[in-house]
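**Student:** 3D model of this:
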Amino acid sequence: MEPLPSEDDYVEPANLRFLRRLVTVLTTVMIGGLVIVVGLLVIRYQRPAPLPLPDEIALPEGTAVQAVTYGPDFYLVVTQGREVLVYDRGSGTLRKTLALD
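**Tutor:** Sure thing, here's the model as predicted:
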């Protein structure tokens, strides 16, 4: 009676070895890509996006900006004090102040 072959005697076919290595490489690349995507999302959403106020606009003292809208010839700034400030786009001067109720 012949002894059973051990695991050391097993020769892996070339195409199976290639497939095993390919799956390992693809798994590594996918894990690395996922780590990069999650890292970029965490970095991107940690800091709040600054409001793009033009440099020529001077807000009244003690106001905090909640929203900015750009029109064809004006900037509309909504403050947290529930006011709407309309600025001229060319000169940057305050045209009108509206109170929101």
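**Student:** confidence-wise, which helix or strand of this structure is lowest on average?
**Tutor:** Scoring the helices and strands of the chain by mean pLDDT, DSSP states H and E places strand 65-70 at the bottom, with a mean of 86.
**Student:** partners of the helix or strand just after that one in the sheet?
**Tutor:** Following strand 65-70 in sequence order, the next helix or strand is strand 74-79 (DSSP states H and E). In its sheet, strand 74-79 lies beside strand 65-70 (antiparallel), strand 83-88 (antiparallel), with partners assigned from DSSP bridges.
**Student:** among the ones you listed, which is the most enclosed?
**Tutor:** strand 83-88 (a mean of 17; mean count of other C-beta atoms under 10 Å). C-beta coordinates here come from the backbone N, C-alpha and C atoms, glycine included.
**Student:** what comes up buried for the next helix or strand after that strand?
**Tutor:** Counting by DSSP H and E, the next helix or strand C-terminal to strand 83-88 is strand 94-99. Of the residues in strand 94-99, those scored as buried under the neighbour-count criterion (16 or more other C-beta atoms under 10 Å) are Leu94.
**Student:** then stretch 48-65?
**Tutor:** Of the residues in stretch 48-65, those with enough neighbours to count as buried (16+ other C-beta under 10 Å) are Ile57.
**Student:** so what touches it?
**Tutor:** Residues lying outside stretch 48-65 but in contact with it, judged by C-beta atoms under 8 Å, 6 or more residues apart in numbering, are 67-68, 75, 77-81, 83, 85, 87, 91-92.
**Student:** what's the most distant pair in these?
**Tutor:** The distance between the two most remote of those (C-beta to C-beta) is 25.2 Å, for Gln80 and Ser91.
**Student:** the strands paired with strand 74-79: which one's closest to Gly33?
**Tutor:** Nearest to Gly33 among these is strand 65-70 (36.0 Å), distances taken as C-beta to C-beta.
**Student:** return the distance of the closest one from the chain's centre.
**Tutor:** Mean C-alpha position of strand 65-70 versus that of the full chain (C-alpha atoms, centre = their mean, to the nearest Å) differs by 21 Å.
**Student:** what are the C-alpha coordinates of stretch 36-43, in PDB please?
**Tutor:** These are the backbone C-alpha positions of stretch 36-43, laid out as PDB (Å, rounded to 0.1, in the frame of the first residue of the first chain):
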ATOM      1  CA  ILE A  36      -8.000  56.800   0.800                       C
ATOM      2  CA  VAL A  37     -11.700  57.600   0.000                       C
ATOM      3  CA  VAL A  38     -12.700  57.500   3.600                       C
ATOM      4  CA  GLY A  39      -9.700  59.600   4.600                       C
ATOM      5  CA  LEU A  40     -10.400  62.200   2.000                       C
ATOM      6  CA  LEU A  41     -14.100  62.400   3.100                       C
ATOM      7  CA  VAL A  42     -13.100  62.800   6.800                       C
ATOM      8  CA  ILE A  43     -10.500  65.500   5.900                       C
END
